[in-house]
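Novice: using only what follows, build the 3D model:
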Amino acid sequence: MRQNSLLLAVLAALFVALLVQASPTRPPSRPPSPASPIRPPRPPSRPPSPASPIKPPSKPVRKATKPPKTKPAAPPARGSGPSTSSSNQETATSRTEFLTTKAKCNTHTTCETCAGALKEVKVRLPGEGSSRKGPTVNARCAWQQATSDPQGKCIGIEVDARPPSPPLHLITDKKQCDALEQVVRAHQKQILKEKQEAYVIQLWNAMESHVLGTEDSRNAKSGTHVAGAWLDKNKQDALTVERVTQLAISVQNPAKTLWLDDPRTVDNRKKYPGPYFTAMDVENMCKAALIALVELLHDEGRDGRQSPTGSEHSSSGSTHNADTITIPPQNRAFSVESPVTHHNVCITIAPQKTEADYSCYPSNTKVTTTPVGKECTNFRGK
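Specialist: Model prediction:
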């Protein structure tokens, strides 16, 4: 019995030992981390080869950050980028000014004296740096003037240099000065003519209604230098017509000189037969007289400003620009060819304080021997 009890105790002890051995609460030899089941996989320190296509985009990103760090483009005066042409031009201008000073070309004021200065001067050009010296060149004077410019200047040039592009319109032979003068004068004369014609159109537009009698004037005797409008305003008046010129003069006192246009009534057409002037004929004759007046005033003003100097031309300082002309309040008449009878007649221009009050009318009804465009000395009219 005692032996059985001892055996049971041994068995019980063995059972307990085995039970403890198999218990889940027993810590393992290397316990795993409790968070290991949910921790994300750690990315590799270097991406594998399949990730290499992503690498190139990283380079443009780095380049995009560089422009703010780069040095800004130099201004045009420094000759970088698109301003190279401007810089080259400034360099050429500086060289020209340098040569002009060294060769003393700025002492010549006419084409003849400048192009006639044949002496060559050795000039050392400045180098690129302050301590460097440039090459030595032969320099001389040349007259520079484009045909469209009213005035030129004397500049220094390199004798052996190739012709500049574009050309600077240089003259190095004084025999060419006369030819240049003629071309410049012709060009400036054309410019002057265009300006004068524009001014004449302005004057005519201002006085047209006054001359043709189409304005609502409080004075029936004001303006109205065509027969039809005059007889409408002055029905009791009569006309004396010069058949050779088809110009008329009113009977009433003071007499008024008129272009014989369409009298507008049957009775007046019987009294004063045509041919008749049209409104366009009157306009053209007044414009011709205005052109002659403007040209004469320009010449008189130019003669007062410029004393004769013999060989000095427009290339030597005198200009032919159309200066602003002030027309004095003085009646002047000029010879104009009639488009109706083709005789020369005198047309008076009567300036007033305002252009709208200017007037234009036949000086008289007679034929004149004064050449077209010249001033009539003996005239009358109102």
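Novice: SS state for the nearest residue to Glu158 once chain neighbours are set aside?
Specialist: Take Glu158 and drop its neighbours on the chain: the residue closest to it by C-beta to C-beta, 6 or more residues apart in numbering is Val137, 4.8 Å away. The way it works is simple: take the backbone N, C-alpha and C, and place the C-beta from them, glycine included. At Val137, secondary structure determined by DSSP: H, G, I helix; E, B strand; the rest coil is strand.
Novice: any idea how far Val137 is from Gly301?
Specialist: 46 Å (C-beta to C-beta, to the nearest Å).
Novice: these two: who's more crowded?
Specialist: Each of Val137 and Gly301 has its neighbours counted (other C-beta atoms under 10 Å); Val137 has more, 19 against 14.
Novice: run through the bridge partners of the more buried one.
Specialist: Taking DSSP bridges, one obtains Val123 as the residues bridged to Val137.
Novice: thinking it is in contact with Gly156, fair?
Specialist: No. Taking contacts as C-beta atoms under 8 Å, Val137 lies outside contact range of Gly156: 10.0 Å.
Novice: shared neighbours, the two?
Specialist: Common contacts of Val137 and Gly156 (C-beta atoms under 8 Å, 6 or more residues apart in numbering): Leu99, Val123.
Novice: this protein: helices as residue ranges?
Specialist: 2-21, 58-64, 84-102, 111-115, 177-212, 227-233, 266-271, 279-305 (DSSP state H).
Novice: for the fourth one, what is the average pLDDT?
Specialist: Across helix 111-115, pLDDT averages out at 94.
Novice: got it, and the third one?
Specialist: Helix 84-102 shows a mean pLDDT of 73 in the predicted model.
Novice: so for Gln252, what's the pLDDT?
Specialist: 86.
Novice: just to revisit the earlier point, would a markdown table of the helices of the chain with distance to Asp149 be doable?
Specialist: What follows is the helices of the chain, written out as a markdown table (distance: least, C-beta to C-beta, whole Å):
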| stretch | distance to Asp149 |
| --- | --- |
| helix 2-21 | 120 |
| helix 58-64 | 52 |
| helix 84-102 | 16 |
| helix 111-115 | 12 |
| helix 177-212 | 7 |
| helix 227-233 | 49 |
| helix 266-271 | 57 |
| helix 279-305 | 18 |
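Novice: ranking the ones you listed by burial, who's on top?
Specialist: Most buried of the helices of the chain, by mean neighbour count (mean count of other C-beta atoms under 10 Å): helix 111-115, with a mean of 24.
Novice: low-confidence bits of the stretch 1-150 of the chain, can you list those?
Specialist: For the stretch 1-150 of the chain, applying pLDDT under 70 flags the ranges 1-4, 6, 16-92, 128-131.
Novice: please apply the same query to the stretch 201-350 of the chain.
Specialist: Using pLDDT under 70, the flagged stretches of the stretch 201-350 of the chain are 215-222, 302-324.
Novice: identify the residue nearest Leu290 in space, chain neighbours excluded?
Specialist: Val200 (4.4 Å).
Novice: any idea how far Val345 is from the one you found?
Specialist: Val200 is 19 Å from Val345, by C-beta to C-beta.
Novice: do the same with Lys193
Specialist: Distance from Lys193 to Val345, by C-beta to C-beta: 24 Å.
Novice: my guess is Glu120 contacts Cys141. True?
Specialist: No. The criterion here is C-beta under 8 Å, and Glu120 misses it with Cys141 at 9.6 Å.
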